[in-house]
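> only geometry, no sequence info:
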């Protein structure tokens, strides 16, 4: 009491009022949170600065407003919505120079400093002791190793010092002090920012609050890393993968919606203003294209000096572009109509099959129809999932379901109503060799035979049952790659009545991506290209289509009589010109 009586009267009255309020169960007034701690977009706009290397390293405030008819503010608002509103893992599919790396560096500093937002509920529970992991293909050997994990931590260190110089602590007095080292940063509130290389072993242990996977498309262990990371983050942490388009990768499978466990329902993503944000399997997918979304973006300057394939992939965001050499350079936009292709149930539906030989392999299917004028209309393709192993008959049954859904159901037809003709890999006619442990009572059949007649299955009790086939008779396609390529190139480079002799439906996305680079000759370390196309997820549907194309000349209907006349005249006069056709 004596100590209390020595206090100034005003202080005593305040203390007494506080005691009385507590007795009545009334909480003392709570200081409102700092506006920059409670809003990432406010922190980004008002506290963050960038270094413009093109202007001799000048420090510049964060861009805002409208330039060249495009709004920076809409762009930042969409990124804020995606980073804080997506409970599922987020894939940012971007082109070069869209400021995404800078945005993520700012976001990670904001998280480590104690930023909080009700869209990410766990951030409201504590504003300290957070673990932020930046994972890239390589850790790096020094802070200047561009694209390595340690280099991104170095960027955050530079951004932190620049913000402090520009008055950060006046705006956010409680912003923690940071200490930096090679590949790490620690905050005075107990939070940590850590850089690691790719690999599942790098993220085992306590789950991080935030995991950034930089340029996931380039990782060799992307699938294994994600398989460990996602359970480690559940249920409170979040992950963001960044990629500059690259074909034939785990990131490509995420973008196509192929990564789906089916165990949980992916929550709906938040609404955005300009950036497309969609659900792809277990992931959310945010697409950013500099030419559409960045004010003043000039692809020609951004990609100056880049090889054409790299330019298409990294500047234009074309996922089908590869770092290899295109197999069919004749393919282009003219072969990709924007409208659906017609289907005539009265005409033959041509089916191409890439079937495994006796030693096994990945089956694939493609289908098309010749129009009355001889134009080949390609409707689409089918192949098993990445982790699936389907035998020839099981795959054929799936093809039957696809044909029913695609062609029969819309017209009220049955599968038997379709006029199907099948052309397949000649290797599929090989009968496998009986192994030493196989049951001698089982009849060994080729892929052709299984699809037509069915297969025998041995049950655990030794009983052998017959699984009926589809009744489809396979005819061998062209066996040589040279012959198949020649047939395809002829189709791609020929016009029929002013239109290309082959067109691909907008639904034939996998075949389109294959033509645009997924199907390619890989480049060796010595700069030369392999002699055979790379075997990947695009090669199988491409080969299925080639078997079809190599035989579809048998079904050309209603030939142009003038073309036949010109061909006859050309053959009869091997030199000179006849009706504009040069003799050979």
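Received, thanks. A quick note: this is a predicted structure, and the numbers were derived from the prediction, not measured.

> Look up how far residue 240 lies from residue 114.
From residue 114 over to residue 240 the distance is 19 Å, taken as CB to CB, to the nearest Å. (Each C-beta comes from the backbone N, C-alpha and C, glycine too.)

> domains in the chain, as residue ranges please.
Using automatic domain parsing, the domain parsing of the chain gives 40-64+74-291, 333-431+445-555.

> residue boundaries of the helices in the stretch 101-250 of the chain?
Taking DSSP state H, counting those that start in this stretch, the helices of the stretch 101-250 of the chain run over residues 149-165, 168-171, 222-233, 250-255.

> tell me what the first one is packed against?
For helix 149-165, the contact count by 3 or more CB pairs under 8 Å, 6 or more residues apart in numbering; DSSP states H and E identifies strand 49-52, helix 100-113, strand 131-136, strand 178-181, strand 184-187, strand 192-197 as packing neighbours.

> can you list those in TSV and add distance to residue 333?
Formatted as TSV, the helices and strands packed on helix 149-165 follow (distance: least, CB to CB, whole Å):
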stretch	distance to residue 333
strand 49-52	36
helix 100-113	28
strand 131-136	35
strand 178-181	49
strand 184-187	47
strand 192-197	40
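
> And these, which one averages the lowest pLDDT?
Comparing mean pLDDT across the helices and strands packed on helix 149-165, the weakest is strand 49-52, with a mean of 82.

> Each with direction, which strands does it pair with?
strand 58-61 (antiparallel) (DSSP bridges).

> C-terminal to the strand it pairs with, what's the next element?
Where DSSP states H and E defines the elements, the next helix or strand beyond strand 58-61 is strand 66-67.

> before we move on, back to that, right, so of the domains of the chain, which gets closest to residue 312?
Among those, the nearest to residue 312 by CB to CB is domain 333-431+445-555 (7.5 Å).

> all strands for the stretch 201-350 of the chain, in order.
210-213, 238-244, 277-280, 283-287, 325-326, 349-354 (DSSP state E, counting those that start in this stretch).

> out of these, which comes closest to residue 485?
Here strand 325-326 is closest among those (CB to CB), at 12.0 Å.

> Could you list the residues in contact with the closest one?
309, 515-517, 519-521, 523, 529 (CB atoms under 8 Å, 6 or more residues apart in numbering).

> ok, now stretch 267-281?
Here stretch 267-281 has contacts from 71, 74-75, 77-79, 81-82, 85-88, 91, 119, 254-260, 266, 284-288, 292-293, using CB under 8 Å, 6+ apart.

> Now do the end-to-end distance for it.
Distance across stretch 267-281, first residue to last, is 11 Å (CA to CA, to the nearest Å).

> now it, how far from the centre of its chain.
15 Å (CA atoms, centre = their mean, to the nearest Å).

> pLDDT averaged over that stretch - what is it?
Model confidence over stretch 267-281, given as mean pLDDT, is 92.

> Counting neighbours, which bits of it end up buried?
Residues 269-270, 272, 275, 277, 279-281 are the ones in stretch 267-281 that count as buried (16 or more other CB atoms under 10 Å).

> re the thing from before, dump the strands of the stretch 201-350 of the chain into CSV; add distance to residue 489 as well.
Listed next are the strands of the stretch 201-350 of the chain as CSV, based on distance: least, CB to CB, whole Å:
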stretch, distance to residue 489
strand 210-213, 40
strand 238-244, 31
strand 277-280, 34
strand 283-287, 33
strand 325-326, 12
strand 349-354, 16
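
> looking at those, which has the lowest confidence?
Of all those, strand 325-326 has the smallest average pLDDT, which comes to a mean of 85.

> Just the buried residues out of the contacts of stretch 267-281, in ChimeraX syntax.
Command for ChimeraX that selects the buried part of the contacts of stretch 267-281, burial taken from 16+ other CB under 10 Å:
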select :71,75,77,78,79,81,82,85,86,87,88,91,119,254,255,256,258,259,260,266,284,285,286,287,288,293
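
> Out of the contacts of stretch 267-281, which sit inside helices?
74-75, 77-79, 81-82, 85, 254-255, 292-293 (DSSP state H).

> Flag the least confident of these.
residue 255 (79).

> and the gap between that residue and residue 285?
Relative to residue 285, and taking CB to CB, residue 255 is found at 6 Å.

> which residues are common contacts for these two?
With CB under 8 Å, 6+ apart as the test, residue 255 and residue 285 both reach 91, 93.

> name the element the residue lying closest to residue 384 once chain neighbours are set aside belongs to?
Leaving out its chain neighbours, the residue that sits closest to residue 384 by CB to CB, 6 or more residues apart in numbering is residue 390, at 4.7 Å. For residue 390, there is no enclosing helix or strand under DSSP H and E.

> I figured residue 390 hits residue 396, correct?
No: contact criterion CB atoms under 8 Å: residue 390 and residue 396 do not qualify, at 9.2 Å.

> Looking at these two now, which is surrounded by more residues?
Legend: neighbour count by other CB atoms under 10 Å for residue 390 and residue 396, higher for residue 396 (24 against 16).

> So which elements touch the helix or strand hosting that one?
Using DSSP H and E, residue 396 sits within helix 392-403. Packing partners of helix 392-403 (3+ CB pairs under 8 Å, 6+ apart): strand 364-370, strand 376-382, helix 447-453.

> make it 10 Å
When contacts are defined as 3 or more CB pairs under 10 Å, 6 or more residues apart in numbering; DSSP states H and E, helix 392-403 packs onto strand 349-354, strand 364-370, strand 376-382, strand 420-424, helix 447-453, strand 454-458, strand 464-468.

> so where's the stretch 301-450 of the chain shaky on pLDDT?
Applying pLDDT under 70 to the stretch 301-450 of the chain flags the ranges 309, 319-323, 357-360, 386-387, 433-441.

> repeat that with 80
Along the stretch 301-450 of the chain, segments meeting pLDDT under 80 span 307-310, 312-313, 318-324, 357-361, 385-388, 432-443.

> Thought residue 515 was touching residue 491, still the case?
No: taking CB atoms under 10 Å as the definition, residue 491 is not a contact partner of residue 515, at 11.6 Å.

> Which neighbours do the two have in common?
328, 330, 335, 545 (CB atoms under 10 Å, 6 or more residues apart in numbering).

> May I see those residues organised as JSON lines, with neighbour count and distance to residue 223 added?
Formatted as JSON lines, those follow (neighbours: other CB atoms under 10 Å; distance: CB to CB, whole Å):
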{"residue": "328", "neighbour count": "21", "distance to residue 223": "29"}
{"residue": "330", "neighbour count": "18", "distance to residue 223": "34"}
{"residue": "335", "neighbour count": "18", "distance to residue 223": "32"}
{"residue": "545", "neighbour count": "33", "distance to residue 223": "28"}
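
> farthest pair in these?
It's 330 and 545 that sit farthest apart of the shared contacts of residue 491 and residue 515, by CB to CB, at 14.3 Å.

> thinking again about what came up before, ok, which of the domains of the chain comes nearest residue 313?
For those, proximity to residue 313 was assessed by CB to CB; domain 40-64+74-291 is nearest, at 5.0 Å.

> Can you give me the end-to-end span of that closest one?
25 Å.

> shift numbering so it begins at 634
In the new numbering, first residue 634, that becomes domain 673-697+707-924.

> quick revisit: which of the helices of the stretch 734-883 of the chain sits most buried?
helix 883-888 (a mean of 24; mean count of other CB atoms under 10 Å).

> Can you give the distance of that helix from its chain's centre?
On CA atoms, centre = their mean, the centre of helix 883-888 falls 3 Å from that of its chain.

> Could you pull up the contacting residues of the spatially closest residue to residue 697 that is not a sequence neighbour?
Nearest-residue entry for residue 697: residue 705, 5.1 Å, with adjacent residues in sequence omitted and distances by CB to CB, 6+ apart. Neighbour list for residue 705: 678, 695-699, 732, 926-928 [criterion: CB under 10 Å, 6+ apart].

> From residue 695, how far off is residue 705?
Using CB to CB, one gets 8 Å for the distance from residue 705 to residue 695.

> Then residue 1010?
Residue 1010 is 50 Å from residue 695, by CB to CB.

> Which of those two has more residues huddled nearby?
Counted by other CB under 10 Å, residue 1010 and residue 695 do not tie: residue 1010 has more neighbours, with 21 against 18.
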